[in-house]
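A.B. asks: all I have is the shape, not the residue letters:
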């Protein structure tokens with residue numbers, strides 16, 4: 001009997017789960033973002049403007065869905081990183097931060113948990129005094145960050161942890177976060193800038209620490225400054241649902257009916273992922289290599305002969321893996337990732 005890890009008989013909708021517009025510090029209006037992303041085959045955009053939660057459902061149509069969302073920041077007050085002798089550098093460059101996207105399960109819920117009016121700086125303070133929030137003042141501490149996550153979860157939000165490298169975060173911080181829905185395994189804009197924001201190793205560390213239900217996503221973090229789309233369309237999250245309706249998309253996100261994929265044009269796609277007779281089987285668009293990563297140094301690969309593409313791979317289930325995730329890599333170096341699955345949920349004795 002086949003046990004499907006990614007659901008069958010659904011539509012797969014391409015989503016950008018990290019986006020900035022003129023509402024905060026982006027250059028495109030929400031309407032311009034919609035048109036740009038629709039033209040590239042996207043069906044969903046999460047409008048994660050900084051520190052403000054707005055209902056963009058007026059943008060919705062039969063082929064496009066706007067997610068009610070925001071990006072939260074928790075910043076150090078005093079930079080951890082000192083200046084070297086003789087160095088003159090903006091303190092912001094040396095300041096550790098934590099950025100989190102929150103996605104509302106209710107498209108019309110714009111109440112902001114874990115937020116204070118002083119944080120509503122979006123669009124030059126345009127929304128200051130207009131946002132609805134609970135008055136919580138964040139501090140750069142694990143306890144305060146986890147309190148923000150807790151408040152968001154209780155208020156009906158999914159919480160995603162963003163770009164840990166750019167944020168100057170280390171494992172002492174991210175291995176102690178609680179209640180996250182997802183890690184942003186690729187932040188496309190920051191990867192284009194720094195070359196170090198594709199972070200599957202951080203995801204593996206977080207899962208190994210006990211976050212077994214942690215999802216992984218990719219997003220653009222596009223600001224489109226100067227009208228450029230260089231930082232757009234490179235980090236996508238594919239969401240499997242029957243219909244492009246808000247409640248069905250959120251339900252799919254909650255259930256982990258997602259995978260993520262990189263590349264501006266024709267990113268690799270996973271066509272099917274299931275277990276049959278204790279064999280993991282995966283079908284996908286033409287690719288060079290398939291990786292199975294389990295606990296610690298448990299990993300295996302499947303690849304074509306002499307550099308030829310393959311479209312199917314199989315791996316026996318192994319209790320020693322404890323859990324596993326699948327990565328599809330094409331000839332351009334683009335990657336499609338699943339989140340982890342627990343072996344015991346699928347193995348048959």
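C.D. replies: Cool, got the structure. Bear in mind that the values here come from a model prediction, so they are computed numbers and not experimental data.
A.B. asks: look up which helix or strand residue 12 falls in, please.
C.D. replies: The secondary structure element spanning residue 12 is strand 11-16 (assigned by DSSP states H and E).
A.B. asks: also residue 101?
C.D. replies: strand 97-104.
A.B. asks: touching that strand from outside, list them.
C.D. replies: Outside strand 97-104, the residues within contact range by Cβ atoms under 8 Å, 6 or more residues apart in numbering are 17-18, 46, 48, 53, 67-76, 110, 140, 145, 148-149, 152, 156-163, 167-169, 173, 181, 184, 219, 250, 253. Placement of C-beta: from N, CA and C, glycine included.
A.B. asks: rerun that using 6 Å as the cut-off
C.D. replies: Residues from elsewhere that reach strand 97-104 (Cβ atoms under 6 Å, 6 or more residues apart in numbering): 48, 67-75, 145, 152, 157-162, 167.
A.B. asks: run through the stretch 51-200 of the chain and note the low-pLDDT ranges.
C.D. replies: Under the criterion of pLDDT under 70, the regions of the stretch 51-200 of the chain flagged as low confidence span 120-131.
A.B. asks: again, but for the stretch 201-349 of the chain
C.D. replies: Judged by pLDDT under 70, the stretch 201-349 of the chain has no weakly predicted residues.
A.B. asks: let's go with 90 and repeat that
C.D. replies: Segments of the stretch 201-349 of the chain classed as low confidence (criterion: pLDDT under 90) are 307, 348-349.
A.B. asks: can you give me the helices in it?
C.D. replies: For the stretch 201-349 of the chain, the helices defined by DSSP state H, counting those that start in this stretch occupy 246-255.
A.B. asks: what about the strand holding residue 101, distance to the chain center?
C.D. replies: 10 Å (Cα atoms, centre = their mean, to the nearest Å).
A.B. asks: list the strands paired with that strand, with their directions.
C.D. replies: Listed by DSSP bridges, the sheet partners of strand 97-104 and their directions read strand 65-75 (antiparallel), strand 157-161 (antiparallel).
A.B. asks: could you point out which element follows that strand?
C.D. replies: Following the chain from strand 97-104 toward its C-terminal end, the next helix or strand by DSSP H and E is strand 111-112.
A.B. asks: centre of the chain to that following strand, how far?
C.D. replies: Worked out by Cα atoms, centre = their mean, strand 111-112 lies 21 Å from the chain centre.
A.B. asks: check which residues of stretch 85-97 are buried.
C.D. replies: 94, 95, 96, 97 (16 or more other Cβ atoms under 10 Å).
A.B. asks: hmm, residue 138 is touching residue 73, no?
C.D. replies: No - here residue 138 does not reach residue 73: they are 8.2 Å apart, not a contact under Cβ atoms under 6 Å.
A.B. asks: who's more crowded, the two?
C.D. replies: The neighbour comparison of residue 138 against residue 73 (other Cβ atoms under 10 Å) goes to residue 138, with 19 against 16.
A.B. asks: for that one, which non-adjacent residue is spatially closest?
C.D. replies: With sequence-adjacent residues excluded and distances taken as Cβ to Cβ, 6 or more residues apart in numbering, residue 138 is closest to residue 74, at 4.7 Å.
A.B. asks: list the buried residues in the longest helix along the chain.
C.D. replies: Ranked by residue count and defined by DSSP state H, the top helix of the chain is helix 142-154. Residues of helix 142-154 classed as buried under the neighbour-count rule (16+ other Cβ under 10 Å) are 144, 145, 147, 148, 149, 151, 152, 153.
A.B. asks: what angle sits between it and strand 157-161?
C.D. replies: Orientation note: helix 142-154 sits at an angle of 140 degrees relative to strand 157-161 (axes from the mean of the first three to the mean of the last three Cα atoms, to 10 degrees).
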